[in-house]
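**Student:** sequence first, then the predicted structure:
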Amino acid sequence: MATESFELKVLDVIEETADARSVVFEIPADAREAFDYQPGQFLTLAIPSDQTGVAARCYSLSSTPGDDALKVTVKRTSDGYASNWICDNVRAGDTLRVLPPSGIFTPASLDADLLLFAGGSGITPIMSITKAALARGTGRVVLVYANRDEQSVIFAAELRALAEQYGERLVVIHWLESVQGLPAPDQMRGIAAHFPTYDAFVCGPPAFMKCVVGVLKGLEFPRERRHQEKFVSLAGNPFGDVEEAAVAEAEVFEAEHEPEDAAQEPAAAGDPTPQGAVRVEIELDGTTYEYDDWPATKPLLDHLLKKGVPAPFSCREGNCSACAFRLLEGEVKMEHNDILDEDDLADGIRLGCQAYPVTDVVKGTYS
Ligand SMILES: Cc1cc2nc3c(=O)[nH]c(=O)nc-3n(C[C@H](O)[C@H](O)[C@H](O)COP(=O)(O)OP(=O)(O)OC[C@H]3O[C@@H](n4cnc5c(N)ncnc54)[C@H](O)[C@@H]3O)c2cc1C
Ligand code: FES
């Protein structure tokens with residue numbers, strides 16, 4: 001199941017730049033299926049900590065499906081804990097505890113024309129998408145890649161080689177702050193305006209993403225052709241036997257909320273929370289799961305896990321988007337959301353780990 005963690009062997013550590021390392025993992029022979037992934041997805045790593053036991057951090061895969069090994073690329077964060085720990089401590093032969101791939105920052109079709117914007121370490125998922133699209137797709141790829149200076153360009157040689165190999169299908173536009181200054185909206189618009197029909201993917205520092213996403217919105221790229229991945233640190237720990245934890249929480253909930261309690265509870269004015277159990281229909285990997293007993297005070301994810309549904313998740317805190325699904329009918333309220341923007345919400349995207357029902361019937365899909 002997608003929720004189990006695995007000990008992965010480190011095959012190699014590659015110094016990409018002065019402050020970025022790639023960690024190459026062996027694909028576990030007994031869990032090849034669990035580690036199947038889409039380009040643009042991420043792994044969640046358990047970084048040992050003498051303060052908290054584990055610091056969980058997500059790292060996008062810079063390898064691409066079909067590669068012999070899994071590779072993540074980690075850039076040091078100033079005063080950061082996990083990124084510096086990885087860069088300073090991880091060696092070939094070590095093992096790290098890892099959650100299988102998650103995430104929705106993936107192209108719907110590798111044959112689409114792609115307009116990719118990466119800033120600094122944001123190149124990681126973009127690299128995976130670029131390689132997949134070139135090797136397995138038929139479209140054109142335009143990559144705009146912003147960095148502080150030439151020395152901080154991760155994958156410079158690999159990109160040069162790809163540009164040579166794929167000729168006109170790949171255009172790489174390097175943007176160096178040391179030469180051109182910080183990327184400004186007018187400049188990004190000048191590039192993006194040439195590719196109004198392409199599928200856009202954006203990943204990088206917050207200011208870069210805000211600039212580019214604003215430009216794409218201004219150029220009326222529709223929501224389904226405008227994707228962004230935000231790099232944030234998880235505050236909690238999604239490791240451990242989370243499914244059992246979910247079941248245990250659900251049991252505590254049920255013990256505390258006997259049906260008659262729920263029926264007696266008066267509805268607060270303006271509180272849309274349904275008073276009884278809710279009907280949920282959710283589609284995942286071609287199967288539709290239907291239940292009539294979703295308790296209104298339980299997040300959707302916990303209810304599905306309790307039912308044995310292999311619903312995807314990572315952080316369970318509303319800040320990674322691994323659990324995102326699309327509402328087809330009804331409504332939910334989210335307790336916490338660090339990751340979905342207004343357009344995602346308008347598009348019906350919700351976070352399963354934060355979703356509580358506000359209607360008596362909720363239908364959705366993870367597709
Ligand atoms: C989907 C996704 C994909 C990502 N992909 C990438 C990627 O490809 N490459 C990349 O470089 N980054 C990526 N990130 C960002 C990455 O997950 C981290 O946020 C980043 O590396 C910074 O983490 P950090 O611990 O170094 O820094 P911070 O999170 O800033 O470190 C400080 C935090 O660590 C805590 N802390 C300090 N000391 C300890 C200790 N001893 N034990 C426990 N906690 C401590 C502090 O309380 C503070 O909260 C991604 C994030 C997401 C969500
Ligand atoms: S599991 Fe990370 S946002 Fe829901």
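**Tutor:** Good, I have the coordinates. Ligands and ions are numbered 1, 2, ... in the order given.

**Student:** where does the chain get nearest to ligand 1, residue-wise?
**Tutor:** Ligand 1 sits closest to residue 80 of the chain, with a gap of 2.3 Å, by C-beta to the nearest ligand atom. No exception for glycine: its C-beta is placed from N, CA and C like everyone else's.

**Student:** contacting residues for that residue?
**Tutor:** Residues in contact with residue 80, defined by C-beta atoms under 8 Å, 6 or more residues apart in numbering, are residue 233.

**Student:** doesn't it fall inside a strand?
**Tutor:** No: with DSSP: H, G, I helix; E, B strand; the rest coil as the criterion, residue 80 is coil rather than part of a strand.

**Student:** can you give me the distance of it to residue 73?
**Tutor:** Counting by C-beta to C-beta, to the nearest Å, the gap from residue 80 to residue 73 is 15 Å.

**Student:** ditto for residue 226
**Tutor:** According to C-beta to C-beta, residue 226 stands 24 Å off from residue 73.

**Student:** and the two? Which one has more around it.
**Tutor:** The residue with more neighbours, out of residue 226 and residue 73, is residue 73; 25 against 21, by other C-beta atoms under 10 Å.

**Student:** bridge partners for the more buried one, pull those for me.
**Tutor:** Beta bridges link residue 73 to residue 22 when assigned by DSSP bridges.

**Student:** neighbouring strands of the helix or strand containing residue 200 in the sheet, and parallel or not?
**Tutor:** Assigned by DSSP states H and E, residue 200 belongs to strand 199-203. Using DSSP bridges, the strands paired with strand 199-203 are strand 114-119 (parallel), strand 226-229 (parallel).

**Student:** quick one: closest of those strands to residue 292.
**Tutor:** Nearest of the strands paired with strand 199-203 to residue 292, taken as C-beta to C-beta: strand 226-229 at 34.8 Å.

**Student:** now that closest one - C-alpha only, CSV.
**Tutor:** Extracted in CSV, the C-alpha atoms of strand 226-229 (Å, rounded to 0.1, in the frame of the first residue of the first chain):
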residue,chain,number,x,y,z
ARG,A,226,-1.2,25.8,-15.3
HIS,A,227,0.5,23.7,-12.6
GLN,A,228,2.7,24.7,-9.7
GLU,A,229,4.6,22.8,-7.0
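
**Student:** please see if it touches ligand 2.
**Tutor:** No: Strand 226-229 stays clear of ligand 2 (C-beta under 6 Å from any ligand atom), getting no nearer than 12.6 Å.

**Student:** name the residue closest to the centre of this structure, please.
**Tutor:** residue 103 (3.4 Å; C-alpha atoms, centre = their mean).

**Student:** got the contact list for that one?
**Tutor:** With contacts defined as C-beta under 8 Å, 6+ apart, residue 103 is in contact with 38, 40, 41, 42, 60, 125, 229, 320, 321, 322.

**Student:** state the distance from it to residue 339.
**Tutor:** 11 Å.

**Student:** what's the single longest strand in this protein?
**Tutor:** Looking across the chain with DSSP state E, the single longest strand is strand 6-17.

**Student:** hmm, back to that, what's the closest of the contacts of residue 103 to ligand 2?
**Tutor:** residue 320 (3.4 Å).

**Student:** how about that closest one: what's its closest non-neighbour residue?
**Tutor:** Counting by C-beta to C-beta, 6 or more residues apart in numbering, residue 320 lies nearest to residue 314, which is 4.7 Å off, once chain neighbours are set aside.

**Student:** the one you found and residue 100 touch, don't they?
**Tutor:** No: contact criterion C-beta atoms under 8 Å: residue 314 and residue 100 do not qualify, at 9.3 Å.

**Student:** least confident secondary structure element in the protein?
**Tutor:** Least confident helix or strand of the chain, by mean pLDDT, DSSP states H and E, is helix 259-264 with a mean of 34.

**Student:** coming back round to it: out of the strands paired with strand 199-203, deepest packed?
**Tutor:** Comparing the strands paired with strand 199-203 by mean neighbour count (mean count of other C-beta atoms under 10 Å), strand 114-119 ranks first with a mean of 28.

**Student:** so how far is the next helix-or-strand element following that strand from its chain's centroid?
**Tutor:** For strand 114-119, the following helix or strand on the C-terminal side (DSSP H and E) is helix 123-136. Distance of helix 123-136 from the chain centroid (C-alpha atoms, centre = their mean, to the nearest Å) equals 15 Å.

**Student:** which SSE is immediately downstream of helix 123-136?
**Tutor:** The first helix or strand that comes after helix 123-136 along the chain, using DSSP H and E, is strand 141-147.

**Student:** mind listing what the next helix-or-strand element following the least confident helix or strand of the chain pairs with, with the direction of each?
**Tutor:** Using DSSP H and E, the helix or strand that follows helix 259-264 towards the C-terminus is strand 278-284. When pairing is defined by DSSP bridges, strand 278-284 lines up against strand 287-294 (antiparallel), strand 361-365 (parallel).

**Student:** just the C-alphas of strand 278-284, formatted as PDB.
**Tutor:** Below are the C-alpha coordinates for strand 278-284, written out as PDB (Å, rounded to 0.1, in the frame of the first residue of the first chain):
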ATOM      1  CA  VAL A 278     -22.500  11.200   5.200                       C
ATOM      2  CA  ARG A 279     -22.600   9.200   2.000                       C
ATOM      3  CA  VAL A 280     -19.300   9.300   0.100                       C
ATOM      4  CA  GLU A 281     -18.500   8.000  -3.400                       C
ATOM      5  CA  ILE A 282     -14.900   8.300  -4.400                       C
ATOM      6  CA  GLU A 283     -13.100   7.000  -7.500                       C
ATOM      7  CA  LEU A 284      -9.500   5.900  -7.200                       C
END
